[in-house]
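*Asks:* Here is a sequence with its predicted model. Questions after.
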Amino acid sequence: MEEHSQEREKLVFLETFGCQMNDNDSERMLGILKGINFARTDDPCSADLILINTCTVRDKAEQKVYSTLGRYKELKKERPGLIIGVGGCVAQQQGEKLLKRAPHLDIVFGPHNVHKLRELLIEADSGRRVVATRLTETIDCDEYGVSPSASGEKAFVSIMRGCNNFCSYCIVPYTRGREVSRQSADIISEIEAAAAAGVKEVTLLGQNVNSYGTSGGGDVSFPELLKLVCRVEGVKRVRFVTSHPKDIGDELIELFGHEKKLCRHLHLPVQSGSDAILARMGRGYTSGEYFSKIEKIKKLYPEMSITTDIIVGFPGETEADFASTMDLLRKVRFDNIFSFMYSPRPNTKAASFEGQLPLDVRTGRLQVLQEEQKQITIERNRETIGKKMEVFVEGPSRGNPDEMMGRTSCNRIVNFALAAGMSAAPGDIMEVFVTDAYANSLRASAGR
Ligand code: 5AD
Ligand code: SF4
């Protein structure tokens with residue numbers, strides 16, 4: 001009998017920067033690569049393929065990419081057969097320029113071209129350097145078809161891509177293109193397949209999930225889509241990011257009252273507490289409007305955790321503007337925040353605004369903001385002490401393998417001890433009793 005020679009399994013080293021969209025794109029890359037006999041490695045020195053999935057949302061994120069890329073120059077010299085590719089938003093934004101800047105680079109591919117990875121590798125294997133940065137207006141039928149390679153209990157599912165908001169500081173609409181929604185049937189079948197493979201928690205991803213279905217593709221509204229997702233058998237928890245304050249409506253807010261699977265966490269980026277700055281950012285709401293939405297949500301669901309994104313040092317931000325942001329922080333008492341100092345991004349309107357602030361002013365404000373929030377976060381966490389909470393078990397605790405780690409519905413990390421004779425497996429939901437709280441986690445006991 002003729003023997004078929006089996007091709008050696010190849011190794012890919014993949015590094016991901018940036019947002020959950022990028023994490024999801026990386027999962028899709030791994031899904032494609034798995035189909036062509038690649039396995040993942042943690043060691044770039046043993047890899048046949050090195051991929052860097054990049055982020056350009058802030059200047060700092062972009063600079064990290066160049067230093068990372070520089071590290072692999074020597075490897076390529078030693079092993080010319082090694083293929084190096086850069087994906088993500090820096091690839092989209094820089095395109096051809098990136099190839100010029102890094103002569104050891106073989107492939108440059110943007111977020112709309114992830115599904116073409118297999119073809120791009122074939123080109124690179126035959127010695128050609130390739131750039132794939134075409135932005136498409138509709139979603140290709142095979143773009144999201146590949147089942148994610150991730151095994152485990154949690155899955156991230158893109159429900160749309162791009163953004164139409166053009167906030168004046170943001171590069172995303174230029175790197176991820178115009179907003180397009182996926183068909184609900186495609187999304188649901190992807191989630192059903194994930195659930196059949198053991199996934200128990202699903203996070204729906206989009207730059208602006210509340211406008212799902214309103215532009216291109218989507219056939220139902222976002223609250224309707226959420227209802228469909230909650231109906232999928234085997235799915236125990238449903239999360240979503242990111243919501244835009246101007247688009248979050250009553251129908252969604254009311255849904256939290258009916259859908260038990262919907263997690264009690266809302267990430268609602270406010271960006272600034274100053275109306276003048278919000279207007280120049282082009283956010284479409286005032287600080288007061290934002291606050292009334294929060295009050296309404298908190299009144300209906302006191303257990304809801306609210307997190308946000310804040311930018312300090314936007315062009316022209318005065319001490320008084322910054323003070324308004326600090327006031328909002330104290331009024332809302334966010335459970336947590338992601339805070340950034342403004343950095344000008346290419347092509348964006350704000351990059352050419354007058355009143356760009358010096359670095360020391362921006363860093364100083366960021367520090368003040370973060371100090372204040374740290375206290376608020378600890379206080380908010382301490383409010384859970386003495387409460388019973390349901391946690392989604394993720395695995396053994398990092399610091400102590402005798403304990404377990406899980407997440408509450410409100411997305412807090414909980415480390416907890418099991419009573420003698422008890423067991424817990426990843427994906428289980430169990431009730432714990434919170435005994436202590438810190439800046440980044442809670443401590444609890446189960447079964448006592
Ligand atoms: N400078 C600083 N932060 C930014 N973000 C987006 N663009 C910029 C920029 N140019 C922040 C916003 C956004 C988060 C993902 O990144 O807060 O919500
Ligand atoms: Fe960027 Fe604004 Fe779109 Fe968010 S909503 S991705 S901040 S343009």
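*Replies:* Received, thanks. Ligands and ions are numbered 1, 2, ... in the order given.

*Asks:* And ligand 1, is stretch 365-378 touching that?
*Replies:* No - with CB under 6 Å from any ligand atom as the criterion, ligand 1 is not reached by stretch 365-378; the gap is at least 10.1 Å. Bear in mind the C-beta positions are built from the backbone N, C-alpha and C, glycine included.

*Asks:* Could you tell me which ranges of the chain sit under the pLDDT cut-off?
*Replies:* 1-6, 145-151, 448 (pLDDT under 70).

*Asks:* So which bits of it are right by ligand 2?
*Replies:* Contact residues (CB under 6 Å from any ligand atom) of the chain with ligand 2: 163, 165-167, 170, 172-173, 207-208, 244.

*Asks:* redo that, cut-off 5 Å
*Replies:* Residues of the chain lying close to ligand 2 (CB under 5 Å from any ligand atom) are 163, 165, 167, 170, 172, 207.

*Asks:* quick one: which two of those residues are the most distant?
*Replies:* The two members of the residues of the chain next to ligand 2 with the most space between them (CB to CB) are Cys167 and Gln207, at 10.2 Å.

*Asks:* For the stretch 151-300 of the chain, what lies in contact range of ligand 1?
*Replies:* 169-170, 269.

*Asks:* who wins for most neighbours among those residues?
*Replies:* The residue in these with the most neighbours, by other CB atoms under 10 Å, is Tyr169 (25 neighbours).

*Asks:* give me the number of residues near the nearest residue to Ser441 once chain neighbours are set aside?
*Replies:* What sits nearest to Ser441 in space, not counting adjacent residues and going by CB to CB, 6 or more residues apart in numbering, is Ile413, at 4.3 Å. Number of residues near Ile413 (other CB under 10 Å) recorded here: 17.

*Asks:* what residues are up against Ile413?
*Replies:* For Ile413, the contact set (CB atoms under 8 Å, 6 or more residues apart in numbering) comprises 405-407, 440-442.

*Asks:* Closest one of the residues you listed to ligand 1?
*Replies:* Nearest to ligand 1 among the contacts of Ile413, counting by CB to the nearest ligand atom, is Asn440 at 20.0 Å.

*Asks:* With ligand 2 as the reference, measure out to that closest one.
*Replies:* Per CB to the nearest ligand atom, to the nearest Å, Asn440 is found 25 Å from ligand 2.

*Asks:* And Gln367, by the same measure?
*Replies:* Applying CB to the nearest ligand atom to Gln367 and ligand 2 gives a distance of 23 Å.

*Asks:* ok, that residue - how many residues close by?
*Replies:* For Gln367, the count of nearby residues is 13 (other CB under 10 Å).

*Asks:* possible to save the residues of the chain next to ligand 2 as JSON lines with distance to Val12 and secondary structure?
*Replies:* Below are the residues of the chain next to ligand 2 laid out as JSON lines (distance: CB to CB, whole Å; DSSP: H, G, I helix; E, B strand; the rest coil):
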{"residue": "Cys163", "distance to Val12": "29", "secondary structure": "coil"}
{"residue": "Asn165", "distance to Val12": "34", "secondary structure": "coil"}
{"residue": "Cys167", "distance to Val12": "35", "secondary structure": "coil"}
{"residue": "Cys170", "distance to Val12": "31", "secondary structure": "coil"}
{"residue": "Val172", "distance to Val12": "26", "secondary structure": "helix"}
{"residue": "Gln207", "distance to Val12": "27", "secondary structure": "coil"}
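
*Asks:* I am finished for the moment; much appreciated.
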